[in-house]
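Novice: With the sequence up front, the predicted model follows.
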Amino acid sequence: VGASFAGLYAAKGLRSVADVVLIDATDEWEYTPGVHEVLGGRREAATILTSLKDALPGVVFIRGVAVAANESEVHVESDGEMKRLPYDHLIICVGCAYARPIKAALTDRRAQLIEAQSELRDASSVLVVGGGAVGVEVAGELAANHTVTLTAREDELVGDLPEAARRYALEALRSKNVRVLLNGEEERGAFNEKIECYGARPRTGWLATFVDRDARGFVTVDGHFRTSIKNVWAAGDCVAKDAKQYLAAYAHFEGEYVALMVSAEILGNAPPFPYIPPPRIVALALGPDDGVLCYGRAVVLRGRAVPWVKALVERWAVRLWPLPYGLFCRLPALA
């Protein structure tokens, strides 16, 4: 259930050993790491959306919303009727919702992006709230054609990146005339548009009486991504994990790993070793012609080349080409 990075790679890894049904509320997969480029008007909404019907040959796709589950069925509201879909193994990859327009509640996403792009096109001043990677990328993208103010409650931007990357991001935004307010300083001026880039909410309300969740609603899993129910698994951003692992790349790795676990159970093989998070690799865009690339705690690239790296990663990811977990988890970590 859920057809973004984790769900797609789990389905891809299982389609050769099982009958796979993929359920999602929309029929298009959104490459959310590119949403800032759409909001800035550099790309059309359609360029970050891919039809799920054609994404994975051999996988049955059902457009619908999962509303309940038990140990043998998922109840899905689809085309105005309730369907009870039986399963042997269930993988939950429903991700999170964010404030509009980053990735809001389930709706017509294409229309929502087009509307947001139009509203921003007509705006002269924009307030961006949130000093994480999303807020910084949105502010950097909008700075070329808007007067942008970025506010954050923290005392620095992108606090989970190396110090050199944090400094570079702040200097880059200020060089683009972005007004940066830290430590929760409030901006009291008037703005044409406001974009909230914080507050991820897991889409797990329908699981409240089924699997264990933490106080925020994230699904709790063991070292193999198994939930409190033996034949139910979870992966991606709906899972309770280290805050630094809420990245598309980790959702990909987790989906691939869960496919290995479920395949082993289906085939009667020994399960793989417990999941080891690969080293953290982050490419942060700071507008169309700038950015910073981090590997672990080291900055390995900065400047014009970083947006090109992000573009290459996107072209690889949307084609569902391999990014082998077994290889990446063996890469050396740079603490």
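Specialist: All right, it came through fine. Residues are numbered from 1 along each chain as shown.
Novice: you'd agree Ala164 is up against Leu301?
Specialist: No. Between Ala164 and Leu301 no contact is recorded; they are 11.7 Å apart, counting by Cβ atoms under 8 Å. Where you see a C-beta, it was placed from the backbone N, CA and C, and this is true even at glycine.
Novice: Please identify the residue most distant from the middle of the chain.
Specialist: Among the residues of the chain, the one whose C-alpha is farthest from the average of all C-alpha positions is Gly268, by Cα atoms, centre = their mean at 32.2 Å.
Novice: Next, work out how far apart that residue and Val17 are.
Specialist: Distance of Gly268 to Val17, given as Cβ to Cβ, to the nearest Å: 11 Å.
Novice: which residue packs closest to Ile114, ignoring adjacent ones?
Specialist: If you skip the residues right next to it in sequence, Ile114 has Ala45 as its closest partner in space, 5.1 Å away by Cβ to Cβ, 6 or more residues apart in numbering.
Novice: what about Trp233, is that helix, strand or coil?
Specialist: Secondary structure of Trp233, reduced to three states by DSSP: H, G, I helix; E, B strand; the rest coil: strand.
Novice: Please name the nearest non-neighbouring residue to the residue nearest to the spatial centre of the chain.
Specialist: For the chain, the residue lying nearest the average C-alpha position, counting by Cα atoms, centre = their mean, turns out to be Ala248 (4.6 Å). Closest residue to Ala248 in three dimensions, ignoring its sequence neighbours and counting by Cβ to Cβ, 6+ apart: Phe5, at 5.1 Å.
Novice: swap in Arg174?
Specialist: With Cβ to Cβ, 6+ apart as the criterion, Arg174 has its nearest non-adjacent residue at 6.3 Å, and that residue is Val180.
Novice: Run through the residues that contact that neighbour.
Specialist: The contact partners of Val180, by Cβ atoms under 8 Å, 6 or more residues apart in numbering, come to Thr149, Leu150, Ala152, Leu157, Leu170, Leu173, Arg174.
Novice: Top of these by number of neighbours, please.
Specialist: For the contacts of Val180, neighbours were counted using other Cβ atoms under 10 Å, and Leu150 has the most, 29 neighbours in all.
Novice: Secondary structure element holding that one?
Specialist: strand 147-151 (DSSP states H and E).
Novice: again with Gly326
Specialist: When secondary structure is defined using DSSP H and E, the element that contains Gly326 is helix 325-328.
Novice: Please enumerate residues in contact with that helix?
Specialist: Helix 325-328 has contacts (Cβ under 8 Å, 6+ apart) with Phe253, Glu256, Tyr257, Leu260, Pro278, Pro279.
Novice: give me that answer again for 7 Å
Specialist: Surrounding helix 325-328, the residues in contact under the criterion Cβ atoms under 7 Å, 6 or more residues apart in numbering are Phe253, Glu256, Tyr257, Pro278.
Novice: Measure how buried the last one is and give me the count.
Specialist: Residues lying near Pro278 (other Cβ under 10 Å) number 21.
Novice: Could you check the pLDDT of it?
Specialist: Looking at Pro278, its pLDDT stands at 95.
Novice: now do the first one
Specialist: Note for Phe253: predicted pLDDT of 96.
Novice: List the buried residues for the top helix by length along the chain?
Specialist: When every helix of the chain is counted residue by residue (DSSP state H), the longest turns out to be helix 248-267. Residues of helix 248-267 classed as buried by neighbour count (16 or more other Cβ atoms under 10 Å): 248-263.
Novice: Over to stretch 49-57?
Specialist: Along stretch 49-57, the positions that meet the burial threshold by neighbour count (16+ other Cβ under 10 Å) are Leu49, Thr50, Leu52, Ala55, Leu56.
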